[in-house]
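**Student:** here is my input; please provide its structure:
(one chain, ligands or ions: 1)
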Amino acid sequence: MSKSLVQFIIEEQRRMPGASGDFSGLLSDIEVACKRIAHAVNKGALIGVLGSAGSENVQGETQKKLDVITNDIFIESNEWAGHLAAMASEEMDDVYPIPAQYPKGKYLLTFDPLDGSSNIDVNISVGTIFSILRCPDGVTNPTAEDFLQPGTKQVCAGYALYGPATMLVITSGHGVNGFTLDSDIGEFMLTHPQMTIPADTQEFAINMSNQRFWEAPVQRYIDECMKGKTPGGREKNFNMRWVASMVAEVHRILTRGGIFMYPFDTKEPGKAGKLRLLYEANPMSFIVEQAGGMSSTGRERIMEVQPNGLHQRVPVILGSKNEVERVVEYHKKGA
Ligand code: P6P
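**Tutor:** Coordinates of the predicted model:
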């Protein structure tokens, strides 16, 4: 019989002498949150959760009903057990402190409760992304400043993918493992142990409608991919994908390789990129690097970026190592 996530977590804990069980408990609470979100997402129109909530988040994006519902689910599932000192979310302007009636713990949790939610009304896969940091020693009431840690400080990162199957993919620095929800027993079961990303690929993912706004290095890279084996192109032909759901793109890359790009563009001056560092780029970069891939802004390793704000955005170029290295090389040359 394959291993459940609960068994996997406990066996991982045994590998860390002196572990208090706090981390294991937090992961189990996150697992419950993802099961609850999977239920809400899978029921969709049947329980009236599709459509707009009629509000905007701190990003100025129209919130879907499920954006708000899934954010509430993550808060409710994780605030009570005493593993966290505070939380931060794409859907909340500021830090969420643990209510006074609950004990506090030593971890900080950041999350995007429903990434790709613009797809939810058209029944395309969406996901949840989360990242776990340590709360700085001696800090009992964390502020936004305490979350501003580079991605290399992450203790754990993961995502849930609500697709044809519901999956949970997690790393805590010892490789990447994928679990599939067996709805007959309500357990996530280990189905994809030690996932690795092939160093080479013939598949790129980018929103081509932004092409006129890209910098020269990205223009060159995509132009060569589009030319394939014709003159001025590459040694191979390429295929393209764009789901507009980062979790689905990253999962495809973990499964069969690829390069995902949401680079800097001049579409909205002053915006450093579209994707958010703390709860999208950093957790996905931790997972990608642990699977043998690479993740860069084009100019620096994403996990070494020193955050300057809870909702900071960065350019993201991640996936098969040899292709990301080529894009980084083009940035060094200026094109
Ligand atoms: P666009 C979803 O809104 C998201 O944050 C990522 O999941 C996805 O990769 C990207 O934005 C899609 O952006 O501009 O294609 O809608």
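**Student:** neighbours around residue 325, how many?
**Tutor:** By the criterion of other CB atoms under 10 Å, residue 325 has 13 neighbours. For glycine as for every other residue, the C-beta is placed from the backbone atoms N, C-alpha and C.
**Student:** make sure it is actually in contact with residue 298.
**Tutor:** No. Between residue 325 and residue 298 there is no contact under CB atoms under 8 Å: 11.4 Å.
**Student:** and for this structure, the residue most distant from the center?
**Tutor:** The centre of the chain is farthest from one residue, residue 231, which by CA atoms, centre = their mean lies 36.8 Å away.
**Student:** any idea how far stretch 43-59 is from the chain center?
**Tutor:** Stretch 43-59 has its average C-alpha position 21 Å from the chain's average C-alpha position, going by CA atoms, centre = their mean, to the nearest Å.
**Student:** what comes up buried for it?
**Tutor:** Across stretch 43-59, burial judged by 16 or more other CB atoms under 10 Å covers 49-50, 53, 57.
**Student:** figure out the length between the terminal residues of stretch 157-168.
**Tutor:** End-to-end span of stretch 157-168 (CA to CA, to the nearest Å): 11 Å.
**Student:** quick check: residues of the stretch 51-200 of the chain near the ligand?
**Tutor:** 115-116, 118 (CB under 6 Å from any ligand atom).
**Student:** show only the entries of those residues found in strands.
**Tutor:** Of these, the ones assigned to strands by DSSP state E are residue 115.
**Student:** out of the residues of the stretch 51-200 of the chain next to the ligand, who's the most crowded?
**Tutor:** Ranking these using other CB under 10 Å puts residue 115 first, with 28 neighbours.
**Student:** neighbours of the residue of the stretch 201-335 of the chain found nearest the ligand, how many?
**Tutor:** Closest approach between the stretch 201-335 of the chain and the ligand, counting by CB to the nearest ligand atom: residue 246, at 3.3 Å. Neighbour count for residue 246, taken as other CB under 10 Å: 25.
**Student:** ok, residue 145 next?
**Tutor:** Residue 145 sits with 13 neighbouring residues when counted by other CB under 10 Å.
**Student:** any idea which element it lies in?
**Tutor:** Per DSSP states H and E, residue 145 falls inside helix 144-147.
**Student:** now do residue 225
**Tutor:** Residue 225 is located in helix 216-227, with elements delineated by DSSP H and E.
**Student:** what does the one helix or strand in the chain whose mean pLDDT sits lowest contact?
**Tutor:** Lowest on mean pLDDT, DSSP states H and E among the helices and strands of the chain sits strand 62-64, with a mean of 83. Applying CB atoms under 8 Å, 6 or more residues apart in numbering, the contact partners of strand 62-64 are 50-57, 91, 114, 117-118, 120-121.
**Student:** possible to save those residues as JSON lines with distance to residue 236?
**Tutor:** Output for these, formatted as JSON lines (distance: CB to CB, whole Å):
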{"residue": "50", "distance to residue 236": "41"}
{"residue": "51", "distance to residue 236": "43"}
{"residue": "52", "distance to residue 236": "43"}
{"residue": "53", "distance to residue 236": "45"}
{"residue": "54", "distance to residue 236": "48"}
{"residue": "55", "distance to residue 236": "46"}
{"residue": "56", "distance to residue 236": "44"}
{"residue": "57", "distance to residue 236": "41"}
{"residue": "91", "distance to residue 236": "41"}
{"residue": "114", "distance to residue 236": "36"}
{"residue": "117", "distance to residue 236": "35"}
{"residue": "118", "distance to residue 236": "32"}
{"residue": "120", "distance to residue 236": "35"}
{"residue": "121", "distance to residue 236": "37"}
